[in-house]
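Trainee: attaching a predicted model along with its sequence, questions to come.
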Amino acid sequence: MDWMLLLEWVIKSFVLSLILLGGFAYLTWFERKVLARFQVRIGPNRAGPYALLQPIADAVKLIFKEEFTPARAEKILFFLAPIVTVVPALVVAAVVPWGPDIQIGSYTLRLYIADISVGVLYITAITSIAVYGITLAGWSSNNKYALMGGLRSSAQMVSYELALGFCFVIAILMSGSMRPIDIVDAQRNGWFFLIQPAGAFVFLIATLAEVNRAPFDMPEAEQELAAGFHSEYSGMKFALFFMAEYTKMITISSIAVTLFFGGYLGPFVDQLPFLGPIYMLAKIVALLFFMVWVRATLPRIRYDRLMAFGWKVLLPLTLALVLITAVGILLAQEVNPNLIWITPVISAFAGFFAIGLVDRSLRRKAYAAR
Amino acid sequence: MLNPWMFVGLFLIVGLLIPVAAIVLSALLAPRKPNPIKLSTYECGMETVGDSWVQFKAQYYVFALVFLIFDVETVFLFPWALALNALPFFAVVEGIVFILILIAGLSFAWRKGMLEWV
């Protein structure tokens, strides 16, 4: 029996990692197509119908590319850095529930790898490891651009991780649990996005910075740093960095869906459990579209403003949101359950107040002249 | 045998296999013709001067220190947030005071100019 269980989990691990890899490949296709539409182009359209074979062609090309290690680089760390970047991006997905339990005859299929009681803590821990990969890549290349890219990314990811951490605290406050399954279950009466819209929004901004996407793609700012931390990487090792970025986009969207957008919940999901993964996928694709949309819309922001935004806007705002949520939950619990709806109103007000402050400081002449 | 962390470990092994397999595959299939020019450091065509492992901006270090303090305190807030419904009133207020102390610390760092990127 135990060996059966082990076999089941090995199969599930492989299936999940293959889904993530396939998702990565087709996410590149999705991004290129959507970006092209934003810029009134057609985008890739040669390889197969709708260029659906394009990711496969890219993969084959990358496998056959020559790969070399710069003579002055620190060889071992140079080799390890892409692996250290990819593995956490994949492993975070272990705790994300993809659907309710599915009954097949007498057998129950569980749509998650591991049911960890401290799932949220696990997510915070693993996402932090990704910083090492990028910093090591920048440092071991022995290239000035790469070093600056690596340093920038470490400072940036670390700053936005704080806002991310406090958003996790908000989700824990509202669900009273750190198990991802309980957090999803707690959203049956209303997604946490509705109770704490500002928190969900800050979470989305912080995830953009966490996965180094535009407008926070400082570590690889092409115009200033060649390619940033991966200037010296070629062939498969470069592809691994690329893969890490896109898999991280997918996994972190799935975490955002789990924490704030109701996870696999949707109409009729209790009667037809196989709808769970479909809802989950639809929500993830919606968030990925949002990320591409942001990239197509916003220019990259200046580095000092990026740090100022993280430390002086997002961090105080999330601290205030934690307080607001805690007080709202206590009021709802002690006085009247309907008082929970004070939370979205006040937190939305706090969010708009923060936007107003940013707007004012951007308009100030002294700031513009600096 | 049913410990969920075992499955995480299993998934970690699977996750490690993928990048290693990719690197091995390309090492077997890709051409390999290094020459000194190819292996030189790429800095947009300029010849590289000196090492990059020199002193760099101390600002990064300051941010790392401030981060360390706040990150630890986020983790301190996790159990408080988890047990909010079950806590006595005093402990809830204690947690809120803790957050206020955090805000005070942040404004101190702000006032001292630690958050300024120079």
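Mentor: Thanks, I have the structure now.
Trainee: next, count neighbours for residue B:95.
Mentor: 20 (other Cβ atoms under 10 Å in any protein chain shown). The way it works is simple: take the backbone N, C-alpha and C, and place the C-beta from them, glycine included.
Trainee: what's the host helix or strand of it packed up against?
Mentor: Assessed by DSSP states H and E, residue B:95 sits inside helix B:89-111. Using 3 or more Cβ pairs under 8 Å, 6 or more residues apart in numbering or on different chains; DSSP states H and E, the elements in contact with helix B:89-111 are helix A:315-334, helix B:59-82.
Trainee: mind putting those helices into a markdown table with distance to residue B:112, mean neighbour count and mean pLDDT?
Mentor: A markdown table is the format used below for the helices and strands packed on helix B:89-111 (distance: least, Cβ to Cβ, whole Å; neighbours: other Cβ atoms under 10 Å in any protein chain shown; pLDDT from 0 to 100):
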| stretch | distance to residue B:112 | mean neighbour count | mean pLDDT |
| --- | --- | --- | --- |
| helix A:315-334 | 16 | 21 | 86 |
| helix B:59-82 | 10 | 17 | 84 |
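Trainee: who's in contact with the helix holding residue B:95?
Mentor: Helix B:89-111 has contacts (Cβ atoms under 8 Å, 6 or more residues apart in numbering or on different chains) with A:311-312, A:315-316, A:319, A:322-323, A:326-327, A:330, B:66, B:69-70, B:73, B:76-77, B:80, B:84, B:87, B:115.
Trainee: try 7 Å this time
Mentor: A:312, A:315-316, A:319, A:322-323, A:326, A:330, B:66, B:73, B:80, B:84, B:115 (Cβ atoms under 7 Å, 6 or more residues apart in numbering or on different chains).
Trainee: in stretch B:6-23, what's buried?
Mentor: B:7, B:8, B:10, B:11, B:12, B:14, B:15, B:18, B:19, B:22, B:23 (16 or more other Cβ atoms under 10 Å in any protein chain shown).
Trainee: should've said stretch A:46-58
Mentor: For stretch A:46-58, using 16+ other Cβ under 10 Å, the buried residues are A:51, A:54, A:55, A:58.
Trainee: same question for stretch A:29-36.
Mentor: Within stretch A:29-36, judged by 16+ other Cβ under 10 Å, the buried ones are A:29, A:30, A:31, A:32, A:33, A:34.
Trainee: which residues touch the second one?
Mentor: If I follow you right, that is residue A:30. Residue A:30 touches residue A:288, counting by Cβ under 7 Å, 6+ apart.
Trainee: could you do the first one as well?
Mentor: Residues in contact with residue A:29, defined by Cβ under 7 Å, 6+ apart, are A:51, A:54, A:55.
Trainee: what average pLDDT does stretch A:191-210 get?
Mentor: Mean pLDDT, computed over stretch A:191-210, is 87.
Trainee: ok, now stretch B:100-113?
Mentor: The model assigns stretch B:100-113 a mean pLDDT of 86.
Trainee: mind saving the C-alpha coords of that stretch as PDB?
Mentor: Only the C-alpha atoms of stretch B:100-113 are listed here, as PDB (Å, rounded to 0.1, in the frame of the first residue of the first chain):
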ATOM      1  CA  LEU B 100       2.900  50.000  16.000                       C
ATOM      2  CA  ILE B 101       6.500  49.400  17.200                       C
ATOM      3  CA  LEU B 102       7.400  48.200  13.700                       C
ATOM      4  CA  ILE B 103       5.900  51.300  12.200                       C
ATOM      5  CA  ALA B 104       7.900  53.400  14.700                       C
ATOM      6  CA  GLY B 105      11.100  51.500  13.700                       C
ATOM      7  CA  LEU B 106      10.300  52.100  10.100                       C
ATOM      8  CA  SER B 107       9.800  55.800  10.600                       C
ATOM      9  CA  PHE B 108      13.000  56.000  12.600                       C
ATOM     10  CA  ALA B 109      14.900  54.400   9.800                       C
ATOM     11  CA  TRP B 110      13.200  56.700   7.300                       C
ATOM     12  CA  ARG B 111      14.100  59.800   9.400                       C
ATOM     13  CA  LYS B 112      17.700  58.700   9.700                       C
ATOM     14  CA  GLY B 113      17.800  58.500   5.900                       C
END
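Trainee: list the buried ones in it?
Mentor: Residues B:102, B:106, B:109, B:110 are the ones in stretch B:100-113 that count as buried (16+ other Cβ under 10 Å).
Trainee: got it, and stretch A:338-345?
Mentor: Buried, per 16+ other Cβ under 10 Å, within stretch A:338-345: A:339, A:340, A:343, A:344.
Trainee: equivalent analysis for stretch A:108-125, please.
Mentor: A:110-116, A:119-124.
Trainee: give me the subset of those touching chain B.
Mentor: A:113, A:114, A:115, A:116, A:121 (Cβ under 7 Å from any Cβ of the partner chain).
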